[in-house]
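Peer 1: What follows is a predicted protein model with its sequence.
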Amino acid sequence: MQDHDERFKNLAEDAPFEHSPVMPTMLDGDTELKFRCHRGVKCWNACCSNIDITLTPYDILRLKNHLGISSGEFLQKYTVPYEIDKDGTPGVKLRSVDGGTACQFMVEEGCSVYENRPTACRYYPVALLSVRRSDEYVDRLSFALVKEDTCFGHQEPDTQTIDEYRAGQGAAEYDEKGRVWRQLILKKKSAGPAIGKPPAITNQLFFMVNYDLDRFRAFVISESFNKTYDIPVEEMAELIADDEKLLDFGGRFLRHVLFNEKSIEEKDGAYEARQDRLKAKAAAIRAEFEANRDQIEDEKYCAPPGQPGDCGCGSES
Ligand code: SF4
Ligand code: SF4
């Protein structure tokens, strides 16, 4: 409870909209929550009729297995991509029904995927926040309350702590499995411009490893991956057979590749070969720039034809 207001004093300013239903107060797990959602409440299904739900990698794993489809098919049918931050870190949200705002999994009785519903649905009306202070190495979970006029669960007399509510919703497993992903996003944000502005290929890799698990599996068993990484046979067998192990491995793999946190054995000479490839690529880009330097300079400084400053080269830039 101590210095919440100090630690999170910017939260109100950071609220997404002027009239955001997210209350600008950070809450602990032992905060009392007065709330109950049940079939008899008059707003039944109101929250699922107008969705804005970010999916974690573990949410996708659970839902695609519940539906018995591949991650690629799931992404195509049930999600929309979005950018988590200004550096283009990719995220995915649940896609609503065609031409409407309701969740595709909503049925009259409630949620048709209830036992595998996403983290955000388990938490509602609590918002899960992953925060890291500048003087801390690890993130911590904190919470906020979402109070929407359409939700009458707040008028029910039942009370419990936020931690009790989370336990009742089976949130612990989802928190644990989503942790690496949340940390990666925080770390990307705080890593500064060198890592914060990744090339498109890096974001594509981030997307595949986190959200398109079946494609990541195909990558892990590919020849090119195995030329570089030295994965013991037993571990490789587990990665092929077990989605959760593969997702955990994906987190390690991204830390290895994005932040140079060496946790995966590389084959002899693989690092050097990768450096050589990068150097060759940089040299090719430099050579192309030098070859086109005159034209680039002209294009940069020439005014459009007919305008003052036009040198007559025909450039329209
Ligand atoms: S997944 Fe279930 S709980 Fe979540 S919005 Fe859809 S219907 Fe509602
Ligand atoms: S709007 Fe609130 S009370 Fe109503 S169904 Fe949704 S969570 Fe339950």
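Peer 2: Perfect, thanks for sending it. Ligands and ions are numbered 1, 2, ... in the order given.
Peer 1: contact partners of stretch 168-179?
Peer 2: 56-59, 61, 119, 122-123, 128, 141, 160, 166, 244, 247 (C-beta atoms under 8 Å, 6 or more residues apart in numbering). Glycine gets a C-beta too; all of them are placed from N, C-alpha and C.
Peer 1: Can you point out the buried residues in that stretch?
Peer 2: 169, 171, 174, 175, 177, 178, 179 (16 or more other C-beta atoms under 10 Å).
Peer 1: quick check, that stretch touching ligand 1?
Peer 2: No - for a cut-off given as C-beta under 6 Å from any ligand atom, stretch 168-179 has no contacts with ligand 1; the smallest distance is 10.6 Å.
Peer 1: Please save the CA atoms from that stretch in PDB.
Peer 2: The C-alpha trace of stretch 168-179 is given here as PDB (Å, rounded to 0.1, in the frame of the first residue of the first chain):
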ATOM      1  CA  GLY A 168     -11.500 -18.500  -8.300                       C
ATOM      2  CA  GLN A 169     -10.900 -17.600 -11.900                       C
ATOM      3  CA  GLY A 170      -7.900 -20.000 -12.300                       C
ATOM      4  CA  ALA A 171      -5.600 -17.000 -13.100                       C
ATOM      5  CA  ALA A 172      -2.400 -18.300 -11.600                       C
ATOM      6  CA  GLU A 173      -1.500 -20.600 -14.400                       C
ATOM      7  CA  TYR A 174      -2.200 -18.000 -17.000                       C
ATOM      8  CA  ASP A 175      -0.200 -15.400 -15.100                       C
ATOM      9  CA  GLU A 176       2.800 -17.800 -14.900                       C
ATOM     10  CA  LYS A 177       2.600 -18.800 -18.500                       C
ATOM     11  CA  GLY A 178       2.200 -15.200 -19.700                       C
ATOM     12  CA  ARG A 179       5.000 -13.900 -17.600                       C
END
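Peer 1: Is any residue of it near ligand 2?
Peer 2: No - Stretch 168-179 stays clear of ligand 2 (C-beta under 6 Å from any ligand atom), getting no nearer than 11.3 Å.
Peer 1: roughly how far is that stretch from the heart of the chain?
Peer 2: Relative to its parent chain, stretch 168-179 has a centroid offset of 16 Å by C-alpha atoms, centre = their mean, to the nearest Å.
Peer 1: Rounded mean pLDDT for that stretch, please.
Peer 2: For stretch 168-179, the mean per-residue pLDDT is 94.
Peer 1: mind listing what residue 41 touches?
Peer 2: 152, 153, 156.
Peer 1: buried subset of these?
Peer 2: Buried among the contacts of residue 41 (16+ other C-beta under 10 Å): 152, 153.
Peer 1: from the contacts of residue 41, which is closest to ligand 2?
Peer 2: Checking those against ligand 2 by C-beta to the nearest ligand atom gives residue 153 as the nearest, at 3.0 Å.
Peer 1: re the thing from before, kindly reformat the contacts of stretch 168-179 as CSV containing secondary structure.
Peer 2: Formatted as CSV, the contacts of stretch 168-179 follow (DSSP: H, G, I helix; E, B strand; the rest coil):
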residue, secondary structure
56, coil
57, helix
58, helix
59, helix
61, helix
119, helix
122, helix
123, helix
128, strand
141, strand
160, strand
166, helix
244, helix
247, helix
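Peer 1: Just the buried subset of the residues you listed, written out for ChimeraX, thanks.
Peer 2: Only the buried entries of the contacts of stretch 168-179 go into this ChimeraX selection, using 16+ other C-beta under 10 Å:
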select :56,57,58,59,61,119,122,123,128,141,166,247
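Peer 1: Farthest-apart pair in the contacts of stretch 168-179, please.
Peer 2: Of all pairs drawn from the contacts of stretch 168-179, the greatest distance, 30.5 Å, lies between 160 and 247 (C-beta to C-beta).
Peer 1: residue contacts, residue 240?
Peer 2: 217, 220, 221, 246.
Peer 1: Just the buried positions in the host helix or strand of it, please.
Peer 2: Using DSSP states H and E, residue 240 sits within helix 233-241. For helix 233-241, a neighbour-count test (16+ other C-beta under 10 Å) marks 238, 239 as buried.
Peer 1: Let's see it as PDB, backbone CA atoms only.
Peer 2: The C-alpha trace of helix 233-241 is given here as PDB (Å, rounded to 0.1, in the frame of the first residue of the first chain):
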ATOM      1  CA  VAL A 233      17.600 -35.000 -28.900                       C
ATOM      2  CA  GLU A 234      15.400 -35.500 -25.900                       C
ATOM      3  CA  GLU A 235      14.700 -31.800 -25.600                       C
ATOM      4  CA  MET A 236      13.900 -31.600 -29.300                       C
ATOM      5  CA  ALA A 237      11.500 -34.600 -28.900                       C
ATOM      6  CA  GLU A 238       9.700 -32.700 -26.100                       C
ATOM      7  CA  LEU A 239       9.500 -29.500 -28.200                       C
ATOM      8  CA  ILE A 240       7.900 -31.300 -31.000                       C
ATOM      9  CA  ALA A 241       5.400 -33.100 -28.800                       C
END
